Structure formats: structure tokens, C-alpha cells
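> coords please:
(chains A and B)
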Amino acid sequence: MSQAEAIYALWLREFKVFTRERSRVVTSIINPILWIFVFGGGLGSSVSIQGVNYQVFIYPGILAMSILFTSVFYGVYIVWDRKIDILKEVLVAPLSRTSIFVGKVLGGCTDSIFQAFIMLFISFAVGVHLSLSAFLLALLILFLLAMSLVSTGLIIGSLMESPEGFNMIVSFLVFPLFFFSGALFPLENLPLWLSIIAYIDPVTYGVDALRTVVLGVSRFPFYVDLTILILFAVAMFTVGTKAFERMK
Amino acid sequence: MASEPTLELENAIETFDLTKQYKDLTAVDHINVKIKQGEIFGLLGPNGAGKTTAISMLCTILKPTEGTAIVNGYDLLKEPHNVRKSIGIVFQEPSVDDILTGRENLRLHAMWYGVPREMRVKRIDEVLKLVGLESRQHSLVKTYSGGMRRRLELARGLLHLPKVLFLDEPTLGLDPQTREHIWEYIEDMSKERHMTIVMTTHYMEEADKLCDRIAIIDEGKIVVMDSPGNLKETVGGDIVCLKMETVDAERFRKISSVSKVEVQEGYIALTVKNAGQNLKEILDVAGKIENVEIRSASLNDVFLNYTGKEIRAETGEGGIFERAMRERTSR
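Numbers count the residues shown, from 1 in each chain, chains lettered A, B, ... in the order given. Have a look, this model is predicted:
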């Protein structure tokens, strides 16, 4: 009971910070919009894939990308919190480390989901028409993706001492996760090496699930995507609680 | 619960060979202290003496490499959660959240420490009033001055009515007026709430004014532990400083009231019994001098006495005249 309230308080702190730092929201939206309208729009004027205009085709991939970047980079805030010493107050409070981790994950997911909302509303401008059920299902997929990726960012953040170090490590992680996920290309007819890496990349299944829901095209059955996404979330969440247990 | 209730404990804190060993440095070296309920206990020492490390272990921030301590009846190693619940901490580095308002900081703290919902608003109002931050409670902390942050930090430490309050250099870098205020709060808490207070400081005046007992700590070890009054008596008299060009220590050693002679560059410091009565004799022996300063022994002299070092190590040129000037101006 008291831990539930403590988790709520941890989330509340993250939420207040989020609403007060509007630049976080604005910057996280700008990149995906550039991808969709400049890259997608530019290439889409002469290219279409599987009978779908390229701009529309990459829309689910860009949805996943925006969540990927926001979620993993959220981990940098825990590095900052520690650096400017405000994390200490939380670490010496009578809270379990699991509660602290859960509070932080929920805080990060809130940021990501808010962004997902905005990105899903942009669908009209791209020419994608989402039914309510597709909208909600896409939100669920993005939430699962956010939970695993926020956890990933927090795990790395719990190990790093400087924000610069964090950014470097995470850049090495996030860009491959994005490029190999098939966000920008279909998974059919890939060279073997590329398809192997794509199948290892967990973000691939998020992109594929989103394509199922948004475009009705996919590489894997929906239940396979969903199972892998859930397993990925559970795994990162478990590792995350362990990482926070060991964090100084 | 594993431990007996904490109501009738005589000692709020008892340490058993508490030690923190880093690779080639023993930051805290087998410390054994008993701190009584309601006592204001000071850890005094220069920067790097191990004060913060000691207090961090007692707050469960750092794990001891050897030994343990009982805080409010709970073992540090076995029941850190219960220790945390029963203590309040005011950090040396401010840890209040910049992006939140003062009141929001307190509200979150109350939720983390499980202050019952019906008491929360009342307690927050109380502590805000106590530290005089009511009018600024809805401003973001980033607009606060250093002193206000420290006061908010103190308010937060007191919010959940801890049995033991740890203060790590509570007045470091604050202006004299704010410092006086904080001293008042600390004394009030001790008197009215019978709160046990453990503080570190390297300000002599602070330790002297506030603490019931002081442990002088140097290189991780407790050098001596007693009340400030008793400690100052161990110096054995007043301090007379003579500023003169040519110093001949031997002449002063022959004076019967002089117990100690210390030659520094440009001046000589004498420890003298009843300096007021014996000053004439000293001045006769000294001959031509440029300046004379008489003061009663301070904790710094105690520290010097026991460790042979100046406590204000970080100020480098801690000459006795400069220090005397500083002490006068800070009073």
C-alpha cells in the first residue's frame, strides 16, 4: 500500500518534470516528423513498396522509431539525477529499489505514450486512416515497446556516471536497433546477413506488429510479434530491477 | 519485527568497529561511539577526515567494509529499511529538486516516507513555517538562494519526525545570519522534540555552540571525544600570540605560567595559564613586539593539540593572526 503511494509519488515527480520541460516534447516530435514528411514524402513521390506509397509504408516504422529514441534516451535523466545529487534523496528513502525502478519506468512510459498520441494523430496527415480499435492496438504495441526500451535506457543509465558517456553508449545501441528493425524497408527478400540481424533486433517485431495494425501488411503473424514484445518487456524489466538493486 | 521496540533505548546510535576501507585508504577506521537519545553529537575534523563517510554509513548510503552500527535499535546491515524510516538526513550537497516547487518537494518526501495522508498538509505547513519558507513555497526551487535551499532541505529532513537527524555540514557556505537561524532550528529540535542530532562540521564555532559532545576525527580515527568545555580545558590555558621580528623561543619557555611555545613564521604562540595576570611578565621577556593577541582556547587549539594540524586545512595559510581575525569577524 505505502509502496504503491511511493511509486505514485515517483511517477508524479517525473510527470511534473515532463510537463515543465516542454522542450523535451517538442524536440522528440521534430525528428519523426522530418523522417515522415521529408524522407518519406521525398522518396514516396516516386517509390512505393508492396503497393503502398513509401511515405505511408514507413509510417509504422517511424512510430516505432520515435518511441525507441525517446524511451532509451530517457535513461539519461537518471544519470543527471545522480550527478546533481537529487537521486540521493530517493535512494535513502525507505523505498525498495524495485519501487524506484517501477516509478521511473512509468515516468518514462508516460513521456513516450504522450509522444505516441501525437504521432498517431499525425496519421491523418500521412493519409492513413486508423479505426478506433487500430488506434488502441497501436497504442498498446507502443506501450510494450516503450516499457522494454525505457527499462533498457534505465539499465544503461544506472551503470553510467556521466551523461556524455550515456549518450555515446546509447547512440551505438539505438541506431542499429532502428536501422535493422526494418522501419525503412520491408523484411522480404533481404540478404541473409541482414535478415538474421533484423530477426534478432526486438524492435523489428514492434515495427511488424504496427504494420499489421496500421497497414494490414506484415512478415510475421500478429501473435508472434506480440509474444516476442511481451517477452522482451518482461526480460528488460527483470534485468532493470536487478540493475537498480546494485546501483549506488 | 526482528528488533525490540525503540522506545526505551538509551543510545540512539551505537557503532561497533565501524570501518570503511577503500583501495589504499581507510576512510573510517574502527570507530566506536555511543550517542545518547536527545544528544547533539558533533563529528569535527578537517576536510577528508572521514566525517561524511562515517555519516553516510550510518544513513545506509554506504556499506561498511567492517563492523556495523545500531541506529534506533535497528542493525544497519540487517534492517536498513527500518533505519531509513527512522532517520532524517540533510546532505552537504543540496538534494532538493530544482524543477519542483518547495512545497512539491516536501509533498513527495512525505509520500516516500509514508507520512499518513491526514497529517501531511499539517506537517508540511509546520516545517515550512519553521524554516520561514511559507511565502516562497510555491516557487520553483531553482529560484531559491543557497540559504533557502538549505532551509528547505532541513525542513524536508524534519518532515517525517525522525528520531535521529543527520546533518552533514549544515551551514557550509551560508551567510552568518542564515547560519544563526539554522543553529536555532537545530537547538529547538533537540530541546522540544528530544530529537537526537548527529552533525559533521569543520566550523569550530558551530561545534562549540551546538554540540553536547564532540568527537574529533582525523584520518578516519576518533582522536578524542568529550564535551566542548572539557576539550578546551585540555589545552591548559589561554593563547597569547606575539607578532615580532626576531623570535627566541627559549626565553619564553623559562616563564613558569607558559606551558607551551610554538614558533611560527613571524609570530610566536604561547599557551599561558591566566594570561590576563601573567601578561606583563611575558611582555617584559618579549621586549619589542609589533602586536599582541590574547584569546581563550578554542576547539581549534584542541584539534591542534591532538593532531598537530590546523583544522582549516583548506585555507592553506591558516596563520594564527589571520584566524583570530576571522574568528572575530564571524562572531
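> pLDDT weak spots in chain A?
Judged against pLDDT under 70, the low-scoring parts of chain A cover residues A:1-2.
> now the strands for it?
Using DSSP state E, the strands found in chain A span residues A:48-49, A:52-53.
> quick one: closest of those strands to chain B.
Counting by C-beta to the nearest C-beta, chain B lies closest to strand A:52-53 out of the strands of chain A; the figure is 42.5 Å. Where you see a C-beta, it was placed from the backbone N, CA and C, and this is true even at glycine.
> can you name the residue of chain B nearest chain A?
Using C-beta to the nearest C-beta, the closest approach of chain B to chain A is made by B:Met111 at 3.7 Å.
> just list the residues touching that residue, thanks.
Taking C-beta atoms under 8 Å, 6 or more residues apart in numbering or on different chains as the definition of contact, the neighbours of B:Met111 are A:Glu5, A:Ala6, A:Tyr8, A:Ala9, B:Arg120.
> how about 6 Å then?
Neighbouring residues of B:Met111 by C-beta atoms under 6 Å, 6 or more residues apart in numbering or on different chains: A:Glu5, A:Ala9.
> with A:Ser71 instead?
Counting by C-beta under 6 Å, 6+ apart, the residues that A:Ser71 touches are A:Ser112, A:Ala146, A:Leu149, A:Val150.
> wait, isn't A:Phe178 in contact with A:Ile67?
No - taking C-beta atoms under 6 Å as the contact criterion, A:Phe178 and A:Ile67 are not neighbours in contact, 10.8 Å apart.
> what parts of the stretch 51-200 of chain B come near chain A?
B:59, B:61, B:81, B:84-85, B:89, B:93, B:95, B:97, B:99, B:108, B:111-112, B:114 (C-beta under 6 Å from any C-beta of the partner chain).
> mind running it again at 7 Å?
Within reach of chain A by C-beta under 7 Å from any C-beta of the partner chain, the stretch 51-200 of chain B has these residues: B:59-61, B:81, B:84-85, B:89, B:91, B:93, B:95, B:97, B:99-100, B:104, B:108, B:111-114.
> where's the residue of chain B closest to chain A, which helix or strand?
Taking DSSP states H and E as the definition, one finds B:Met111 inside helix B:102-112.
> got the buried residues for that helix?
Taking 16 or more other C-beta atoms under 10 Å in any protein chain shown as the neighbour-count basis, helix B:102-112 is seen to contain the buried residues B:Gly102, B:Arg103, B:Glu104, B:Asn105, B:Leu106, B:Arg107, B:Leu108, B:His109, B:Ala110, B:Met111, B:Trp112.
> which of the residues you listed sits closest to B:Arg136?
Within the buried residues of helix B:102-112, the smallest distance to B:Arg136 is 6.1 Å, found for B:Gly102 (C-beta to C-beta).
> please name the nearest non-neighbouring residue to that closest one.
Taking C-beta to C-beta, 6 or more residues apart in numbering or on different chains as the measure, B:Gly102 lies nearest to B:Gln137, with 4.7 Å between them; neighbours along the chain are not counted.
> hey, where'd the helices end up in the chain?
By default, I'm working from chain A. Across chain A, reading from the start of the chain, the helices by DSSP state H fall at A:2-20, A:22-34, A:41-44, A:54-73, A:76-83, A:87-91, A:97-121, A:123-126, A:132-159, A:163-179, A:192-200, A:202-214, A:222-246.
> ah, I was thinking of chain B
Taking DSSP H as the criterion, chain B carries its helices at B:51-58, B:80-86, B:102-112, B:117-130, B:146-159, B:176-193, B:204-210, B:228-233, B:249-253, B:275-286, B:299-307, B:320-330.
> same list (those) but as TSV, adding mean pLDDT.
Below are the helices of chain B laid out as TSV (pLDDT from 0 to 100):
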stretch	mean pLDDT
helix B:51-58	90
helix B:80-86	91
helix B:102-112	95
helix B:117-130	92
helix B:146-159	90
helix B:176-193	85
helix B:204-210	85
helix B:228-233	83
helix B:249-253	79
helix B:275-286	80
helix B:299-307	79
helix B:320-330	45
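> picking up where we left off before, now the helix holding B:Met111 - C-alpha only, CSV.
Below are the C-alpha coordinates for helix B:102-112, written out as CSV (Å, rounded to 0.1, in the frame of the first residue of the first chain):
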residue,chain,number,x,y,z
GLY,B,102,9.4,23.9,-2.4
ARG,B,103,6.1,22.5,-1.4
GLU,B,104,6.1,19.8,-4.0
ASN,B,105,9.5,18.6,-2.8
LEU,B,106,8.0,18.3,0.7
ARG,B,107,4.9,16.5,-0.5
LEU,B,108,6.9,13.9,-2.4
HIS,B,109,9.1,13.4,0.6
ALA,B,110,6.1,12.8,2.8
MET,B,111,4.8,10.2,0.4
TRP,B,112,8.1,8.4,0.2
